[in-house]
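Undergrad: take this sequence and fold it.
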Amino acid sequence: MAAAQGEDPAPLYKDASAPVEARVRDLLARMTLREKAAQMAQIERTVVSPRALTELAAGSVLNAGGSAPRERASPADWARMVNDMQRLALASRLAVPILYGTDAVHGHNNVFGATVFPHNVGLGASRDAELVRKIGEATALEVRATGIHWAFAPCLAVCRDPRWGRCYESYSEDPEIVRSLTGIVTGLQGQPPADHPHGYPFLASVRENVLACAKHFVADGGTDKGLNEGNTICSPEDLERIHMKPYPDCMTQGVATVMASYSKWNGEPLHSSRYLLTDVLKGKLGFKGFVVSDWEGIDRLCEPRGFDYRYCIAQSVNAGMDMIMIPHRFEKFLEDLVFLVETGEIPMSRIDDAVERILRVKFISGVFEHPFSDQSLLDSVGCKEHRLLAREAVRKSLVLIKNGKNQKETFLPLAKNAKRILVAGTHADNIGYQCGGWTIAWHGDSGKITLGTSILEAIQETVGVETEVVHEQSPTEAILESGGFSYAVVVVGEVPYAEWLGDRTDLSIPFNGSDLINLVSSKVPTLVIVISGRPLVIEPQVLEKIDALVAAWLPGSEGMGITDCLFGDHDFVGTLPVTWKVQGSCHNARWSSYVTQVSKDLHAGSMMHQWVTFLYRGIFR
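TA: Predicted coordinates for the structure are as follows:
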């Protein structure tokens with residue numbers, strides 16, 4: 001009728017009842033080359049302006065780690081910011097909404113007061129696929145509450161070398177364990193129906209779910225010498241057997257996006273590998289969503305980085321990159337991409353394919369019909385239910401490495417009604433250290449950086465009312481000798497780090513942790529808790545001296561999960577997700593009956609087979 005009266009009918013792409021692929025084709029046909037190029041751009045929140053979103057119509061926005069609307073911004077502040085950006089996008093010529101993405105890698109970790117779950121290495125210790133799926137659900141709800149549509153998670157790296165600075169982002173060195181926990185994709189996006197097409201992006205609810213991102217494709221955890229952004233040297237067979245292993249499961253779950261790795265495979269950068277991005281991921285694996293670059297990932301395709309930007313764009317887009325995480329020089333990207341298409345260096349068919357994939361995900365996400373945040377969800381951020389789930393995850397991730405100096409006398413559980421106890425170490429009362437990297441700041445930080453319960457606070461909450469808890473970060477010998485302590489809890493570990501900042505060749509305990517352990521354990525019966533993103537070196541003489549040892553990984557905001565096990569309210573069930581090294585020989589008659597030396601190659605091709613692994617009561621299984 002509207003057409004008969006001379007009026008323009010509503011565009012098909014705005015019809016929510018129309019098939020997704022028909023909407024994609026309709027919108028794509030209406031776009032200019034510059035508008036298509038803009039859809040392929042992801043810009044940082046600080047670059048957002050009316051020109052960027054309304055006039056130039058950028059397709060996506062993200063925030064860097066630590067980039068927030070303001071210091072200690074509330075969930076409502078975040079939602080307001082994203083809504084304001086969306087209004088700018090909807091004022092563009094075609095009113096195409098943005099997708100906003102964030103690194104919600106262990107909860108909504110950029111937001112102050114959000115629930116911070118254990119990092120992936122701890123979840124790998126739990127071996128609990130259902131728990132990990134529930135964490136995906138909780139994370140999705142908190143992310144969605146802030147108006148954000150897309151989480152850059154999960155990381156599916158198979159970490160083969162603990163010197164790598166992202167080791168804690170890997171569930172395990174064992175590809176089967178990583179594969180078993182890919183159900184977090186369903187937690188984030190919702191459960192697809194049984195007949196859902198393999199590889200086709202999926203989102204169950206625009207209210208409760210967010211788009212997931214399988215990363216970093218592929219073999220980021222296998223680089224030579226564990227160097228971040230390094231070179232993984234392996235055969236195609238080992239690439240498929242080890243590092244590719246989790247990705248087909250993600251395709252089955254309808255993962256919407258995949259992020260390319262900074263690293264190389266046999267010398268070829270993933271950001272320019274047509275074979276891996278197009279032939280394997282989109283071809284062999286049947287991925288129908290879109291591939292996004294990592295932060296300034298294409299810039300790394302030339303030296304100095306980004307110097308020949310047109311070359312970087314051409315190499316990555318022709319290889320199969322669909323969306324470029326620029327994140328700052330947006331207008332330069334647009335100018336150069338349009339030039340490359342107009343001169344024939346990038347075929348128009350490649351641009352159309354990329355934008356089709358991006359629009360497909362946008363239509364499936366429901367952002368055209370529901371572009372703004374749902375304020376009724378704000379109370380879910382950091383809610384009691386999610387914190388209880390995080391507490392459960394903490395206790396299930398704990399690995400009991402040693403308990404007692406002989407088989408007959410165990411040290412744990414600790415007595416709640418002890419008269420006087422000592423809590424020591426750099427990590428005993430530090431939420432920032434407990435949470436690790438990717439928490440509030442990109443690299444994490446020290447101190448009370450977000451809401452949560454430290455291990456010290458958890459101990460104080462758990463012990464009897466008449467128990468005196470003495471906290472001394474670095475107790476002196478005089479304090480130890482005159483303290484009359486029933487036992488000591490020493491909490492040591494790594495400082496927070498992210499990516500290359502965490503690359504280390506020395507895996508000893510920082511802050512002279514071994515010296516502190518030796519001092520305290522020589523005077524007081526001692527439990528040691530190690531807070532780390534990877535196995536650290538424990539000298540045999542240290543292990544022999546202490547009474548109990550617990551690997552707590554990077555547990556996040558809920559310290560009560562640790563005391564749940566220390567004081568016997570729950571059993572230790574965690575299993576080592578990675579090989580744990582202990583320096584030197586471990587043939588000691590006093591404890592060899594309950595700690596077994598193992599030097600078997602756990603996984604062919606892993607440098608970890610050179611390490612000594614300790615099994616205690618079936619810890620590694």
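
Undergrad: surely Leu285 touches Ala214?
TA: No - under the criterion of CB atoms under 8 Å, Leu285 lies out of contact with Ala214, with a separation of 10.3 Å. C-beta: built from backbone N, CA, C; applies to glycine.

Undergrad: give the residues shared as contacts by these two.
TA: Taking CB atoms under 8 Å, 6 or more residues apart in numbering as the contact criterion, the residues that touch both Leu285 and Ala214 are Tyr247.

Undergrad: for the most centrally placed residue in the chain, give its distance to Gly444.
TA: The residue lying closest to the centre of the chain (CA atoms, centre = their mean) is Val105, at 3.1 Å. Look at Val105 and Gly444: by CB to CB, to the nearest Å, they are 12 Å apart.

Undergrad: now Leu188
TA: When distances are taken as CB to CB, Leu188 and Gly444 turn out to be 22 Å apart.

Undergrad: where does the protein dip in pLDDT?
TA: Scanning the chain for pLDDT under 70 picks out 1-8, 582-621.

Undergrad: again, only using 80
TA: In the predicted model of the chain, residues 1-9, 407, 581-621 satisfy pLDDT under 80.

Undergrad: wait, Cys213 sits on Cys155?
TA: No - counting by CB under 8 Å, Cys155 is not a contact partner of Cys213; they are 9.3 Å apart.

Undergrad: please enumerate the shared neighbours of Val105 and Gly444.
TA: A shared contact of Val105 and Gly444, defined by CB under 8 Å, 6+ apart, is any residue touching both; here these are Trp438.

Undergrad: now Arg160: how far from Arg241?
TA: For Arg160, the distance to Arg241 under the criterion CB to CB works out to 12 Å.

Undergrad: between those two, which contacts overlap?
TA: Residues touching both Arg160 and Arg241 (CB under 8 Å, 6+ apart): none.

Undergrad: those two - which one has more neighbours?
TA: When neighbours are counted by other CB atoms under 10 Å, Arg160 and Arg241 differ, and Arg160 comes out ahead with 26 against 15.

Undergrad: ok but the more buried one is inside a strand, no?
TA: No - assessed with DSSP: H, G, I helix; E, B strand; the rest coil, Arg160 is coil; it does not lie in a strand.

Undergrad: hang on, isn't it packed against Ala219?
TA: No - taking contact to mean CB under 8 Å, the distance of 9.2 Å between Arg160 and Ala219 leaves them out of contact.

Undergrad: residues contacting the residue nearest to the centre of the chain?
TA: With contacts defined as CB under 8 Å, 6+ apart, the neighbours of Val105 are 119-120, 151-155, 169, 438.

Undergrad: can you do 7 Å?
TA: Residues in contact with Val105, defined by CB atoms under 7 Å, 6 or more residues apart in numbering, are 152-153, 155, 169, 438.

Undergrad: Ser446: what secondary structure?
TA: When classified by three-state DSSP, Ser446 comes out as coil.

Undergrad: likewise Gly286?
TA: Note that with three-state DSSP, the state of Gly286 is coil.

Undergrad: related to what we said a few turns ago, using TSV, lay out the contacts of Val105 together with distance to Val341.
TA: Compiled in TSV, the contacts of Val105 are given as follows (distance: CB to CB, whole Å):
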residue	distance to Val341
Phe152	28
Ala153	32
Cys155	33
Glu169	36
Trp438	36
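
Undergrad: keep only those of the residues you listed that are in helices.
TA: Applying DSSP state H to the contacts of Val105, no entry is found in helices.

Undergrad: okay, Leu188 and Gly444: which has more neighbours?
TA: Applying other CB under 10 Å to Leu188 and Gly444 shows that Leu188 carries more neighbours, namely 32 against 27.

Undergrad: show me which residues of the host helix or strand of that one are buried.
TA: Secondary-structure assignment from DSSP states H and E places Leu188 in helix 184-189. If you call a residue buried by 16 or more other CB atoms under 10 Å, then helix 184-189 has these buried ones: 184-189.

Undergrad: can you spell out which helices and strands pack onto it?
TA: Taking 3 or more CB pairs under 7 Å, 6 or more residues apart in numbering; DSSP states H and E as the contact definition, the neighbouring helices and strands of helix 184-189 are helix 129-145.

Undergrad: alpha carbons of the helix it packs on, as PDB, please.
TA: Extracted as PDB, the C-alpha positions of helix 129-145 are listed here (Å, rounded to 0.1, in the frame of the first residue of the first chain):
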ATOM      1  CA  ALA A 129      32.300 -28.600  32.600                       C
ATOM      2  CA  GLU A 130      28.900 -27.800  34.100                       C
ATOM      3  CA  LEU A 131      30.500 -25.300  36.500                       C
ATOM      4  CA  VAL A 132      32.300 -23.600  33.700                       C
ATOM      5  CA  ARG A 133      29.100 -23.400  31.700                       C
ATOM      6  CA  LYS A 134      27.300 -21.800  34.600                       C
ATOM      7  CA  ILE A 135      30.200 -19.300  34.900                       C
ATOM      8  CA  GLY A 136      29.600 -18.400  31.300                       C
ATOM      9  CA  GLU A 137      25.900 -17.800  32.100                       C
ATOM     10  CA  ALA A 138      26.700 -15.600  35.100                       C
ATOM     11  CA  THR A 139      29.300 -13.600  33.100                       C
ATOM     12  CA  ALA A 140      26.900 -13.100  30.200                       C
ATOM     13  CA  LEU A 141      24.300 -11.700  32.500                       C
ATOM     14  CA  GLU A 142      26.700  -9.200  34.100                       C
ATOM     15  CA  VAL A 143      28.100  -8.200  30.700                       C
ATOM     16  CA  ARG A 144      24.600  -7.700  29.300                       C
ATOM     17  CA  ALA A 145      23.600  -5.700  32.300                       C
END
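
Undergrad: run through who's touching it.
TA: With contact meaning CB under 7 Å, 6+ apart, helix 129-145 is reached by 75, 102, 104, 107-108, 114-115, 117, 123, 151, 180-181, 183-184, 186-188, 207-210, 377-378, 380-381, 386, 389, 392-393, 396.
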